[in-house]
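S.K.: quick one: sequence and predicted model below, then my questions.
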Amino acid sequence: MKKLARRDALLAGLFGAGMVGLRSIASGLPAALVANPRKALADVPADGCNDLSKAQYVIFSTSAQGDPINTNAPGTYLDSKIVHPTDPSMAPTTLSLANGTFEAAAPWATLGATLQRTTFFHMMTNTPIHPKEHDVLGLMGQATNVDMSSEMFPSLLAKQLAPCLGTLQPQPVSVGGSPGETITFGGAALPIIPPTALAATLASQQGALGQLHTLRDSTLDSMMPIYKNGASPAQKQYIDALVTSQQQMLGIQQNLLTAITGLKDNTIASQLTAAIALIQMKVSPVIAIHLPFGADNHTDANLANETAQTVSGLASLVSLFQQLATAGLQDQVSFLSLNVFGRTMGPATTIGRNHNGNHQLSLAVGKPFKGMVVGGVGPVGGDYGCTDLDSSTGASKAGADVKAIDTMTSFAKSVMTALGGDPATIDKQITGGSVVTGMLA
Amino acid sequence: MSRRTLWISGAFAASLAACFLGGTPGGGDDPDGGATADGGTVIPFQADAPTVYVPKVKYILTSLPATDAEVAQVTSDPSSFASLVQQWMQLPEYQTKMLEFFKLAFQQTQIGSGDFVFQIPNGPGGIGQMTQVPLLLQNVQESFARTAYEIAVTENKPFTNVFTTTSFMMTPPLLEMYGFMDDWQPDNSTNYVDYFYNANPTLDIVLEGSTSIPLSQTLDPKNANYMHWYFPGLAGALKSGCGGDPLTLTAKHYPGTSQYLHQLLYGQIPGFTVGSTSCGHASVAGASQFTTADFSDWRMVNIRQPKSGEATTRFFDVPSLHSASEMVLNTPRVGFLTPAFFANYPTNASNQARVTTNQAFIVATSTQVDGSDPTVTTSQPALDTAHASQQPCFGCHQTLDPSRAIFLSTYSYNYGEQPDPTLQAMVGRFQYRNHVQEVSTIYDFANALATHPLVPQAWAEKLCYWLNSQACATDDPAFQQIVADFAQSLSWTKLVTELVTSPITTNASVTKTAQEEGELVAVSRKYHLCTALDSRLGLTDVCGLDLTKTVYSGIPIIAPGLPSDGYGRGAPVPVLPNQPSLFFRAGLENICADVAPTVVDPTTPISGAKNYSSASQTTVNAAIADFVDNLMGVVPSDPRSALLQAQLLAHYQAAVATSGIKPTDALRSTFVVACLTPSLGSIGM
């Protein structure tokens, strides 16, 4: 190996191998993080992680279409006037859960043993409007950072979990969905990375260019002070973000990319494969996907589309949990869902369902959750909405301490608590609602 | 609230009436929009020099690098910047960039073939499954942007003419599609009316694989070979039991005669059944009536409705489509209310075109029905009393329902002709944000949008987002003056010129926008980055964004993951990922590495592309100089230029000194470094 150029040798002498000091200056990051971002992040829990033992990766599904995931789940068969698909594949089936037996459409039974760690949370998002997807993800304005700046629920989760899990980045990663389902983090919109692009994006160069990778990083580090000298604050901010992203990139475990190499489409199956791979690579604590469950089915004769996508949606979930088990991640990953709204359920819905701001069903599946039904369904405004519920048991009960209007924030608080969040911090981050202790495993 | 989060608050605008889009009222919406102050701090202002803002503006407008002479000119005479900008606006690269802006601003993208299943019901996947459908879909999404550019830029007509135009930039295949959709009318449910079949109920279609039939005979109703289509390769494409050559497709066979014609025009044997055997749906190379070049053959075509007794345009008459400057269609087509726009926003019996109307308001005025409309309505024709019976709902429905009535009287829920006499007779009124106008046709509605007083500010603001990745402060006197000038001139070119040379964009001096928003250096999003690579390196569509171009790299696989501009339903402002992430950084490195062999010591040089050589130190020095000047766009007079060149040279020297590394590899690695710098990867560095 020939000697380095004089300038590089000088810089190396000044700052040592890897130019850690220089990179630290350029980025403003602690030198420890620059030197070894993964180890440094792993060190963070002492300062930022409340309860490492409860932290989980999260696969977070959201739909701005307001899928009818709420209409055939356990808890919706207690009122005989609620309309369900008549297709035999959706026949009512009894599920045994921690707080009793409930009927549900047959596909839910396919979850098998996973049902014992599946919480069915009946809630209302308080909007029947598609464009309010972002509001709902922000818990209708009730989700904030501790400095009171607005935040989305999945991003609050990511901020809570990143220090515990030592992920490469704290921001969630979206691998599915439409622009209307864009996740924001600190007010900044995050891009949606389709599964087909993931492997080619994250793969490191091979051959000669791969051999020179470290040298390129060093050169780029050397260039940053040139950009920063005299730069405006906005330019400096961008450079800092870029340097951070470069350091995060170094932590990508290339050997784990094989799972997503060759993904040919952006279907839900590919999204799940991508999500698991990103979790294995410790890229982010929260991976966002779009799991279809019947879509915006205003016109849906015999609820055929709802039937088909409920069957396929559950099959996807079953597949997800099987893949997690195969990867040994079944106790480290939770699945959550939160859609913009649910659908109507009354007698006029056989040819399709309308938006329902009074009822939506969220799932919380994983080791931290009990297999149970939280809350319930009752007549509201000519159709059906969620009921009040008891925070200690999760039982549906008119006049109980958690009012219907507070069910969404209660879901969020319960999830953050289950995943090891500090109660006092959670209370600051989510105004309203209560932790439903009964659903915590 | 900082405007940095305005797009969110727009989407969040919680004062949208709870029952706005159908369904059960949720009630209790937060009147503040659900978003509290984001608590973010505004970045302190520091004025930018011409070495920063001249390259920034040229990057956005053309993706080309600024030259030293251009920076020197503005440095010595800042007032000359406007004339420089106008020169750049004559470049073909400006058209490329502006088309992308118009596509997004008029919400013509973000759709796939499946999004046409409502407008083209009971067909195979809506628009079809032919191999050329992706090209057709690209035409659909580009058409209106090209129309807007033609009217507002090339012809320099008042910008609002774009809203009311009945002339559109179209290709022969797009003419076919519009004509086919006119003959295949979707009703208010899931059914269709096949006009061609109704006029020719006994006419079979015959495919001839071995006998070459002149198209003139095929299209001549008086000829014995009328509707006998020459379809080379027919016999080999048919499954066993599906008939032979010639193949007769019986009239009114599912899915229908017009569908048959639509599919075979693109070289696909239409789907049909023989007994229980499913046949057809096979694409045959060489059988399409359209070449790839046809999808790039753009011209303005006026669309009008037929006069009494006049026939509509025959969508299958391909030779005529190639020369047509006019189409006669039953379905009215006006402004940005295109099939692409409708594909974005399907409606139904519950929604009743409210989403269509609201999105039209968003496109035209960058506002939406959210309960804040100050219009005092004296009456509410076409009010949906079931929806608007509650006071919180009435606030939105009093303006939305009358305005949406014209959609219902004009179009079916699936955007065909409205077949229901009751709905045809519906009379409403455009009344939105203090602009009240009687409308009796969809053309009147388009005119009402065009004359809405909010249009000038809305489009100046859309341009702000595109230029600066954030809002302009509406109370900024500099912005207000630009809006006032645009309202008077309606000149798109003048608006662009004023806004890009304003300190709002250049940050040459502090503005109220800068005080309120701070300055933002944003990541170079997909289209900016890809066009920069093209224009600076002499490449053609390196990211594979144009399906009519040949793909020659692996970048199209990565490009979909790059941060990109987008829009969301009900969001008055665009979705703009601005921050670099590890995905952006990793993806960009792989893009740069993919480009490197194409331009550095290429095995097969591409005509017109850069050809950097590592043959000698002289050529290496020249390459590195070009990396900085051209690829990175840092002009030689910029104090950073020499320092950056020195770093790249040091990299080359260190690389070439590495065991096993050849000069070619070293220069390619140096290219990748240059490509990864924030000069190229961001806008405003």
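M.R.: Great, that's in hand. Numbers count the residues shown, from 1 in each chain, chains lettered A, B, ... in the order given.
S.K.: alpha carbons only for contacts and neighbour counts from here, please
M.R.: Noted.
S.K.: what does the pLDDT read for residue 195?
M.R.: You didn't say which chain, so I picked chain A. Residue A:195 carries a pLDDT value of 95.
S.K.: chain B is the one I meant
M.R.: 95.
S.K.: can you give me the end-to-end span of stretch B:342-362?
M.R.: 14 Å (Cα to Cα, to the nearest Å).
S.K.: touching chain A at all, it?
M.R.: Yes. Using Cα under 8 Å from any Cα of the partner chain, stretch B:342-362 reaches chain A at B:348, B:350.
S.K.: in the sheet, who's paired with the closest residue to residue B:313 other than its chain neighbours?
M.R.: In space, and not counting its chain neighbours, residue B:313 is closest to residue B:328: 5.2 Å by Cα to Cα, 6 or more residues apart in numbering or on different chains. For residue B:328, the beta-bridge partners under DSSP bridges are residue B:304.
S.K.: what sits against residue B:328?
M.R.: The contact partners of residue B:328, by Cα atoms under 8 Å, 6 or more residues apart in numbering or on different chains, come to B:303-306, B:311-313.
S.K.: cool, and residue B:409?
M.R.: So residue B:409 contacts B:418, B:423-427 (Cα under 8 Å, 6+ apart).
S.K.: so what's the gap between the one helix or strand it maps to and the chain middle?
M.R.: Here residue B:409 sits within helix B:391-410, counting by DSSP states H and E. With Cα atoms, centre = their mean, to the nearest Å as the basis, helix B:391-410 stands 28 Å off its chain's centre.
S.K.: can you list the buried residues in that helix?
M.R.: For helix B:391-410, burial by neighbour count (16 or more other Cα atoms under 10 Å in any protein chain shown) applies to B:392-410.
S.K.: same check on stretch B:142-156?
M.R.: B:142-153.
S.K.: output that stretch as CSV, nothing but the C-alphas.
M.R.: What follows is stretch B:142-156 as a C-alpha-only set of coordinates in CSV (Å, rounded to 0.1, in the frame of the first residue of the first chain):
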residue,chain,number,x,y,z
GLU,B,142,-48.1,14.0,-18.7
SER,B,143,-50.8,15.4,-20.9
PHE,B,144,-52.1,18.2,-18.8
ALA,B,145,-48.7,19.3,-17.7
ARG,B,146,-47.7,19.7,-21.3
THR,B,147,-51.0,21.5,-21.9
ALA,B,148,-50.3,23.9,-19.2
TYR,B,149,-46.7,24.5,-20.4
GLU,B,150,-47.9,25.1,-24.0
ILE,B,151,-50.5,27.6,-22.9
ALA,B,152,-48.8,29.4,-20.1
VAL,B,153,-45.2,29.3,-21.2
THR,B,154,-44.9,28.6,-25.0
GLU,B,155,-47.9,30.7,-26.0
ASN,B,156,-47.5,33.0,-23.0
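S.K.: secondary structure element for residue B:431, which one?
M.R.: strand B:430-432.
S.K.: other residues contacting that strand?
M.R.: B:373, B:375, B:377, B:399-400, B:402-404, B:436-439, B:445, B:448.
S.K.: re earlier: just put the contacts of residue B:409 in TSV and tack on distance to chain A.
M.R.: What follows is the contacts of residue B:409, written out as TSV (distance: Cα to the nearest Cα, whole Å):
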residue	distance to chain A
B:418	18
B:423	19
B:424	22
B:425	24
B:426	23
B:427	25
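S.K.: show the buried residues in the residues you listed.
M.R.: Buried among the contacts of residue B:409 by 16+ other Cα under 10 Å: B:418, B:423-424, B:426-427.
S.K.: relative to residue B:165, which of those is nearest.
M.R.: Proximity of the buried ones among the contacts of residue B:409 to residue B:165 (Cα to Cα) peaks at residue B:418, which lies at 21.5 Å.
S.K.: so that closest one sits against residue B:411, correct?
M.R.: Yes. At 4.5 Å, residue B:418 and residue B:411 qualify as touching, with contact defined as Cα atoms under 8 Å.
S.K.: all strands of the stretch 1-150 of chain A, in order?
M.R.: Listed in chain order, the strands found in the stretch 1-150 of chain A under DSSP state E, counting those that start in this stretch are A:57-61, A:92-97, A:100-105, A:118-123.
S.K.: closest to chain B out of those strands?
M.R.: With Cα to the nearest Cα as the measure, strand A:118-123 is the member of the strands of the stretch 1-150 of chain A nearest chain B (12.0 Å).
S.K.: only the buried residues of that closest one, if you could.
M.R.: A:118-123.
S.K.: same check on stretch B:53-70?
M.R.: Going by 16+ other Cα under 10 Å, stretch B:53-70 has these buried residues: B:53-68, B:70.
S.K.: what does stretch A:211-227 give?
M.R.: Neighbour-count burial for stretch A:211-227 [16+ other Cα under 10 Å]: A:211-213, A:215-227.
S.K.: among those, which are within reach of chain B?
M.R.: Okay, of these touching chain B (Cα under 8 Å from any Cα), that's A:212, A:215-216, A:219-220, A:222-223, A:226-227.
S.K.: farthest pair within those?
M.R.: Going by Cα to Cα, the pair spanning those furthest: A:212 and A:227, at 22.6 Å.
S.K.: most centrally placed residue in chain B?
M.R.: residue B:103 (2.5 Å; Cα atoms, centre = their mean).
S.K.: for it, which non-adjacent residue is closest in space?
M.R.: residue B:145 (5.0 Å).
S.K.: repeat for residue A:308
M.R.: residue A:294 (7.4 Å).
S.K.: what lies in contact with stretch A:106-118?
M.R.: Residues contacting stretch A:106-118 (Cα under 8 Å, 6+ apart): A:73, A:89-95, A:97-98, A:310-311, A:314-315, A:317-318, A:321, A:363-372.
S.K.: buried subset of the residues you listed as a ChimeraX selection?
M.R.: Only the buried entries of the contacts of stretch A:106-118 go into this ChimeraX selection, using 16+ other Cα under 10 Å:
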select /A:73,90,91,92,93,95,97,98,310,311,314,315,317,318,321,363,364,365,366,367,368,369,370,371,372
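S.K.: near chain B too, which of the contacts of stretch A:106-118?
M.R.: Counting by Cα under 8 Å from any Cα, no member of these reaches chain B.
S.K.: where does pLDDT dip in the stretch 301-441 of chain A?
M.R.: For the stretch 301-441 of chain A, no stretch is flagged by pLDDT under 70.
S.K.: helices of that one, residue ranges please.
M.R.: Using DSSP state H, counting those that start in this stretch, the helices of the stretch 301-441 of chain A run over A:304-326, A:407-418, A:423-429.
S.K.: CSV for those helices, including distance to residue A:56?
M.R.: Formatted as CSV, those follow (distance: least, Cα to Cα, whole Å):
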stretch, distance to residue A:56
helix A:304-326, 13
helix A:407-418, 9
helix A:423-429, 16
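S.K.: run through the bridge partners of the residue nearest to the spatial centre of chain A.
M.R.: Central residue of chain A (Cα atoms, centre = their mean): residue A:60, 2.9 Å from the mean position. Residue A:60 forms beta bridges with residue A:288, residue A:336, as assigned by DSSP bridges.
S.K.: fine, thanks again, bye for now.
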